[in-house]
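>>> Structure of the sequence below:
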Amino acid sequence: MAVMIEGERPLKISVRIASAGGRCTVYLTRVELGGVVLEGSVLDFLIQTFFKPLYPDAKINEPFDLDYNIDHLEVRPSSLRVILK
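Numbering: from 1, shown residues only. I've put the predicted structure just below:
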């Protein structure tokens, strides 16, 4: 594991975003690090073991409030639409 996360490597991530009622949740669904794909329970384990201790305020797979009177977000491959209350 240490060899995989050591140094600089290309990183690709896939997320799913759900939002409504002034709250948003970002679900991390897939990570590709240097050609190695991480998904499912392995990815959940790495988030809890490595990412959360380093960044305890990060809200991965947890809802958070949207600021600036935003009601929800509409995310598409080509655009992001912000809907105000």
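>>> Now for residue 50, how many residues are close by?
By the measure other Cβ atoms under 10 Å, the count of residues near residue 50 is 12. C-beta coordinates here come from the backbone N, C-alpha and C atoms, glycine included.
>>> How about the secondary structure of it?
Under DSSP: H, G, I helix; E, B strand; the rest coil, the three-state class of residue 50 is helix.
>>> just use 260 as the starting number from now, easier for me
Okay, using 260 as the starting number, the last item reads as residue 309.
>>> Before we move on, what's the pLDDT of the most centrally placed residue in the chain?
In the chain, the centroid-proximal residue (Cα atoms, centre = their mean) is residue 287; its distance is 4.0 Å. At residue 287, the model reports a pLDDT of 94.
>>> Then the one 4 residues further on?
Looking at residue 291, its pLDDT is 93.
>>> name the element it belongs to?
strand 282-292 (DSSP states H and E).
>>> Residues contacting the helix ranked longest in the chain, please?
For the chain, the longest helix by residue count, based on DSSP state H, is helix 299-305. Residues outside helix 299-305 that contact it (Cβ atoms under 8 Å, 6 or more residues apart in numbering) are 287-290, 297, 320.
>>> Make a ChimeraX selection of the buried ones in these.
Selecting only the buried entries of the contacts of helix 299-305 in ChimeraX, with 16 or more other Cβ atoms under 10 Å as the criterion:
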select :287,290,297,320
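>>> Figure out the length between the terminal residues of stretch 307-318.
Using Cα to Cα, to the nearest Å, the span of stretch 307-318 from its first residue to its last is 12 Å.
>>> Show me the shaky parts of this protein.
When residues are selected by pLDDT under 70, those of the chain lie in 260-264.
>>> go with 90
Within the chain, the ranges that satisfy pLDDT under 90 run 260-268, 270, 292-295, 305, 309-310, 336.
>>> Residue 320 and residue 310 touch, don't they?
No. Residue 320 lies out of contact with residue 310 (Cβ atoms under 8 Å); the separation is 10.6 Å.
>>> Give the bridge partners for the residue lying closest to residue 323 once chain neighbours are set aside, please.
In space, and not counting its chain neighbours, residue 323 is closest to residue 283: 6.1 Å by Cβ to Cβ, 6 or more residues apart in numbering. As for beta bridges, residue 283 partners with residue 278, residue 323 under DSSP bridges.
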